[in-house]
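S.K.: Show me how the following folds:
(2 chains)
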Amino acid sequence: MIDTAVEGEVSSVTSAATWLRGTLAANLTGAADDCARGRAIASREWEGDDATAYSSYSRNVLKMTDAHASRVGRAAGAYDAYGARLKAMKTTMSGVRTRAVAGGLQVSGDNILEPPVVPATVVESGSPEEAAHLKAVAKVDLYNTLSGDTTTAWTDFDQWIQANLVPDVADAEDDSPVATVLSEVDGQFPNYAAGVGAGLAGHGLGSWAGTYQDAAREFRRRSRVAGDPRVRGQVKTPKGASALDDLLGKSRWLGKAGKLMGPVGVLIDIGFGIKDGHDTGDWKRAAITTGTSLAVAGGVALYVATAPVSVPVTLVVVGGGLLAAGASWGAGKIYDNWDDITDWTGDRWDDTTDLAGDAWDGAKDFASGAKDKAGDAWDAVTPW
Amino acid sequence: MVIRLDEGAGGRIAGAHEEGSTTIDASGRSAPASVDGGLGSPEPLEILAAVSGTAHDLTVIQGVLGKQVQEAASRIRDTDEEVAALFTGMTEGGS
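M.R.: Have a look, this model is predicted:
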């Protein structure tokens, strides 16, 4: 199953941007104006060393307030950018679902369901069965492609966050001059600082800052323990991402090869056997080689039927195709050397049968290895 | 040496700073309760926490500045009255 749900509300992000720019930054600018107004009054109506000291100190307050208004404006810009990126991510996933529906895959809500395993049956070229078989293989290919596209989209999204929002957080947290001044003020007027912290009518910014920080901390905690891959950010896991890329790359290539070397490959082998018999007049050899292909194809069908449903079926199909091709080649080899074999010594007979056996074992090992590798890789990226 | 603070100036200067403090703090009345940002939620929330926290600090700093100006004006006035009392007493005693 491919989960294409993108959590988060664009409207929530954009409304926060609006508040940052339209309220907080605007009010900070207003407060800076108030500060400048006080300084202007003082410059006209206050003289003396005390007035000079006030002017110096209030200049710093004005600069800090202006600087923070600019900082909040940049934070609003970060929210705008993230809102646009979140919207694009939702559009991307919507596009993935649309492609799935167009390709005949089942979509339930935000989930694209895995297509059924394609049986490795022998089908006649040009027949409706072959058309159905190819259609089923196309669904598997599409499913694998969409899996890859989804993973890529999540990886890009996560990388965008790391590249953009993380520096934005650092910019927002750069408040060292304010923190220094506050520590001095807090030392001189602890009760006043505490009173303002409580806020007006329970709407103090200090309280909100704590609320947001707690929410961010809680989100990160849930991300570490939750089973939901979107919350956990499983695409961040290098092992998971590389294993999936590796698997998808292989299954795409093998999917193309499988159409030639799977059950269709058996048909080709039978066709070549018939042609060989027709050309040489030796129908006995053709019967042995094509019979071997059919026998192995029967085994392949059993192998496919017992394979895990989560294994990309193209891997199984190509494994079966090679199994059939290897066995057929080995049988032909024995037949070609039959006269020599009967004349030669028993040792030579053993060598020849070993050759056939090696071909058989090699084909079986490949199929088994492909199955195990596909299973391991699939398990590695689907721990939930 | 010049020491001068016009009548009512201290109150107006302090009022400007206290108004600034109140203006910033009023932002909290319409602050978003949270942000539903999906996968990227922590960073926007941390940005919001940081800028709100610093704005709160500026609320305190501007408010305290207003109180300091009030205190300065009060002390200047008290000092002026104390010094004036020296002469006022002499004048009264001599009358």
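
S.K.: Name the nearest residue to whichever residue of chain B sits closest to chain A, ignoring sequence neighbours.
M.R.: Going by Cβ to the nearest Cβ, chain A is nearest to B:Gly38 of chain B, at 2.3 Å. All C-beta spots, glycine's among them, are computed from the backbone N, C-alpha and C. Residue nearest to B:Gly38 in three dimensions, not counting chain neighbours: A:Gly8, with 2.3 Å by Cβ to Cβ, 6 or more residues apart in numbering or on different chains.

S.K.: Show the backbone phi and psi for A:Gly8.
M.R.: Main-chain dihedrals, A:Gly8, degrees, to the nearest 10: phi 110, psi 150.

S.K.: need the contact list for it.
M.R.: Taking Cβ atoms under 8 Å, 6 or more residues apart in numbering or on different chains as the criterion, A:Gly8 is in contact with A:86, B:36-41.

S.K.: now it: how far from B:Ile3?
M.R.: Relative to B:Ile3, A:Gly8 is positioned 60 Å away (Cβ to Cβ, to the nearest Å).

S.K.: Then B:Gln68?
M.R.: B:Gln68 sits at a distance of 17 Å from B:Ile3 (criterion: Cβ to Cβ).

S.K.: Compare these two and say which is more crowded by neighbours.
M.R.: Between B:Gln68 and B:Ile3, B:Gln68 has the larger neighbour count (other Cβ atoms under 10 Å in any protein chain shown), namely 19 against 13.

S.K.: Show me the contacts of A:Gly8 that map onto helices.
M.R.: Within the contacts of A:Gly8, residues falling in helices by DSSP state H are A:Leu86.

S.K.: Tabulate the contacts of A:Gly8 in a markdown table, adding columns for neighbour count.
M.R.: As requested, these are exported to a markdown table (neighbours: other Cβ atoms under 10 Å in any protein chain shown):
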| residue | neighbour count |
| --- | --- |
| A:Leu86 | 27 |
| B:Asp36 | 16 |
| B:Gly37 | 26 |
| B:Gly38 | 24 |
| B:Leu39 | 23 |
| B:Gly40 | 25 |
| B:Ser41 | 26 |
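
S.K.: Tabulate the contacts of A:Gly8 in TSV, adding columns for pLDDT and distance to A:Ala75.
M.R.: Rendered in TSV, the data for the contacts of A:Gly8 read as follows (pLDDT from 0 to 100; distance: Cβ to Cβ, whole Å):
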residue	pLDDT	distance to A:Ala75
A:Leu86	96	16
B:Asp36	91	17
B:Gly37	90	13
B:Gly38	88	18
B:Leu39	84	19
B:Gly40	83	14
B:Ser41	85	15
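
S.K.: Between the contacts of A:Gly8, which sits nearest A:Glu218?
M.R.: Sorting the contacts of A:Gly8 by how near they are to A:Glu218, with Cβ to Cβ, puts B:Ser41 at the top with 9.7 Å.

S.K.: What does the pLDDT read for the closest residue to that closest one other than its chain neighbours?
M.R.: Counting by Cβ to Cβ, 6+ apart, the nearest residue to B:Ser41 once its immediate chain neighbours are dropped is A:Phe219, at 4.9 Å. The predicted local confidence for A:Phe219 comes out at a pLDDT of 83.

S.K.: Show me what the host helix or strand of A:Phe219 is packed up against.
M.R.: Assigned by DSSP states H and E, A:Phe219 falls within helix A:205-225. Where contact means 3 or more Cβ pairs under 8 Å, 6 or more residues apart in numbering or on different chains; DSSP states H and E, helix A:205-225 is packed against helix A:190-198, helix A:229-232, helix B:42-94.
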